[in-house]
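> build the 3D model from these lines:
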Amino acid sequence: MAQQQEQHQLQQEWVDRDATHLVHPLHNPAAHASARVWTGGEGAYLTDADGNRFIDCLSGLWNNTAGNGRHELADAASKQMREMGFASGYTGSTNPRAIELAERLADVTYPNINHFYLTSGGGESTDSNIKMARYYWKVKGKPEKTKVISRIWGYHGVTFAAMCATGIAPYWGMFEPRIPG
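Okay, the predicted model is just below:
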């Protein structure tokens, strides 16, 4: 009983510290007052500060589709970080891993898809695609073509353009006015 009380007290301390310093995507302060604190994960499961195990139903929404605790992925990331943690692909530069990834993607996509723009997340991908589409129409002499088509109830990311394209009306009030188009 004392250990459970201690764990609950630790969880509340984490929630209080979180409230002091963090802002979360689609933040709802009332719901967050009793937030669950995740302290571990294995495969498709998460463990909270009280030791309860849950299926991680939201991981794929952002960045964890491969699951938690994947040692082979941690080892590969660690090896790459020791070799080179990051190198920008901005104008006039590239790196072997980006080239190899693009080649692998070309091997598994349709034969006419051979060029790739690498991003680090869904919102960044959505924003980049909106930007590329606008650039395309500008080059074609039709800069007025700015409409973005998305699905009702479709979620497209936490960046501003991605949230504007999100088809979940209750989210819009948090950041309106939306980007026109």
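> which one's the longest helix in the protein?
Of all segments of type helix in the chain, defined using DSSP state H, the longest is helix 2-21.
> I'd like to know how many residues surround residue 28.
The number of residues packed near residue 28 is 9, by other Cβ atoms under 10 Å. Heads up, the C-betas are built off the backbone N, CA and C, glycines and all.
> hmm, I was thinking of residue 2
Applying the criterion other Cβ under 10 Å, we find 6 residues in the vicinity of residue 2.
> the longest helix of the chain packs against which elements?
Counting contacts by 3 or more Cβ pairs under 8 Å, 6 or more residues apart in numbering; DSSP states H and E, helix 2-21 is packed against helix 29-32.
> pLDDT of the helix it packs on, averaged?
Across helix 29-32, the average pLDDT comes to 77.
> show me what secondary structure element comes after that helix.
Once helix 29-32 ends, the next helix or strand along the chain (criterion: DSSP states H and E) is strand 38-42.
> which elements pack onto that next one?
Using 3+ Cβ pairs under 8 Å, 6+ apart as the test, strand 38-42 ends up in contact with strand 45-48.
> contacts for the strand it packs on?
Defining contact as Cβ atoms under 8 Å, 6 or more residues apart in numbering, one finds that strand 45-48 is touched by 11, 36, 37, 38, 39, 40, 41, 53, 54, 55, 56, 68.
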